[in-house]
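# 3D, please:
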Amino acid sequence: MSIAITNIGSLVTNDQSLGSGILGEIENAALVIENDKIAWVGQASQTPDAEQQIDVQGKAVIPGFVDSHAHLLFAGERSKEFQARMKGEKYSAGGIKSTVAATREATDQELEQNILRLVSEMQRSGITTFETKSGYGLTTLDETRALEIAAKHTPETTFLGAHVVPSEYAEKEDGYVDLVIGEMLDTVLPHAKWIDVFCDQGAFDVDQSRQILKAGIEKGLLPRIHANQLTQGGGVQLAVELDCASADHCTHLSDKDIEALAGSNTVATLVPGAEFSTRATYPNATRLFDAGVNVAIATDCNPGSSYTTSMPFCIALAIREMGFSPEQALWSATMGGAKALRRTDIGALAVGQSADLVVLNAPSYLHLGYRPGVDLVSEVFKSGKSIYQEKK
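I've put the predicted structure just below:
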């Protein structure tokens, strides 16, 4: 079936050949969907015939958000930790271990119900593609079952056995690294696309991280990395060395880190929700854009340091606290996320792209930052099918 979405007040295509600015914006626009893909884009007055027409009455239409960094396979919650942190307690990677204990105790059904709840929240916020990681099991059995469940909901599954060293391997870090790159990696391999490691203070050092990522690469997994969240370390340089698709967090960046990213294929993925939830210093995205680095915005949804599934919230934070312009923030939450997943079929609304789009209850994408905290999502389409519509 062909579907024409017409009377679009402002259409963001992310294709500069189609419209103005970095977002390729077209006013008074329309688009046509055929066979789950975008078949035509242009002025509403020139809309070709289609079997079904949807008049959005002057609302804005944007590409579906692409969330390239999330941790959705877990049990329990850590609100008490958040409360303590808001009173001045410093965040450290060790808090992950409490979620590990809860996740190990949870049944498959409980983990499945939790990811379904979070995916539903994501879709309501306009996210049409998301990545998610393991990393809260830290045993071969628990990492495998997490990825098996994740693979039912997204093709973008990431093995993060190297999240932290579990308590049973205290003082035996090398033994845990051997487990991760040996039995655990071999067992999770059928269910994972990516491999990740938390390269930072309190987690894994650069040498351990290199060993883990290389082991995954040799088995056919694609690398990404948690880098420079808590301290200025070597994670970003390692990301560039190994051609990681993305270096995520990037809270503490040196000029050399930015120079390395600018000369690479590695996307700098910023996660505003983590700085918000930990009262950490926000990174300055202006430095990255000025250097020509590709930047993504992700939710980093997790129960400890960024328990949000709202991309609009993260966009508003990025504009207010990280130096993004509104257009840079939207590009980073759509096309930037697609680049961080090395996907060319999503993140834009041009002919041949997947028909993943969001209709906003606003005349312009600018309202995402202009009206922070307000639910502006009217309808969400994934592969041309409506997956969420506001209640009238």
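
# secondary structure class for residue 171?
coil (DSSP: H, G, I helix; E, B strand; the rest coil).

# which strands and helices sit next to the worst-scoring helix or strand of the chain on mean pLDDT?
Taking mean pLDDT, DSSP states H and E as the measure, the chain has helix 79-86 as its least confident helix or strand, at a mean of 88. Counting contacts by 3 or more Cβ pairs under 8 Å, 6 or more residues apart in numbering; DSSP states H and E, helix 79-86 packs against helix 272-278. For every residue, glycine as well, the C-beta is placed using N, CA and C.

# in the next helix or strand after the helix it packs on, what counts as buried?
With elements assigned by DSSP states H and E, the helix or strand that comes after helix 272-278 is helix 285-291. Counting neighbours by 16 or more other Cβ atoms under 10 Å, one finds that the buried residues in helix 285-291 are 285, 288-289, 291.

# Nearest to residue 31 among those?
The shortest separation between residue 31 and any of the buried residues of helix 285-291 is 28.1 Å, and it belongs to residue 289 (by Cβ to Cβ).

# Which pLDDT value belongs to that closest one?
Reported pLDDT at residue 289 in the predicted model: 98.

# so it makes contact with residue 283?
No: using Cβ atoms under 8 Å, residue 289 makes no contact with residue 283, being 11.7 Å away.

# okay, and the common contacts of the two?
Here residue 289 and residue 283 have no joint contacts, going by Cβ atoms under 8 Å, 6 or more residues apart in numbering.

# And the closest residue to residue 64 other than its chain neighbours, how close does it get to residue 32?
Counting by Cβ to Cβ, 6 or more residues apart in numbering, residue 64 lies nearest to residue 128, which is 2.9 Å off, once chain neighbours are set aside. In this structure, residue 128 and residue 32 are 18 Å apart, going by Cβ to Cβ, to the nearest Å.

# neighbour count winner among those two?
In terms of neighbours (other Cβ atoms under 10 Å), residue 128 is the more surrounded of residue 128 and residue 32; the figures are 25 against 22.

# Confirm for me that the more buried one is in contact with residue 67.
No: with the criterion set as Cβ under 8 Å, residue 128 and residue 67 do not qualify as a contacting pair; they are 9.1 Å apart.

# Outside of the least confident helix or strand of the chain itself, list whatever touches it.
Counting by Cβ under 8 Å, 6+ apart, the neighbours of helix 79-86 from elsewhere in the structure are 91, 95, 98, 277-279, 304, 307.

# Neighbours of residue 153, how many?
There are 17 residues near residue 153, going by other Cβ under 10 Å.

# so it makes contact with residue 119?
Yes: A contact is recorded between residue 153 and residue 119 when judged using Cβ under 8 Å, the distance being 5.7 Å.

# Pull the contacting residues for residue 27.
By Cβ under 8 Å, 6+ apart, the residues touching residue 27 are 9-11.

# May I have whatever helix or strand residue 178 lives in as PDB, with CA atoms only?
Remark: residue 178 resides in helix 173-179, with elements defined by DSSP H and E. Coordinates of each C-alpha in helix 173-179 appear next as PDB, following Å, rounded to 0.1, in the frame of the first residue of the first chain:
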ATOM      1  CA  GLU A 173      40.600  -9.300  37.300                       C
ATOM      2  CA  ASP A 174      42.800 -11.200  34.800                       C
ATOM      3  CA  GLY A 175      40.700 -14.300  35.400                       C
ATOM      4  CA  TYR A 176      37.500 -12.400  34.600                       C
ATOM      5  CA  VAL A 177      39.000 -11.000  31.400                       C
ATOM      6  CA  ASP A 178      39.900 -14.600  30.400                       C
ATOM      7  CA  LEU A 179      36.300 -15.600  31.000                       C
END
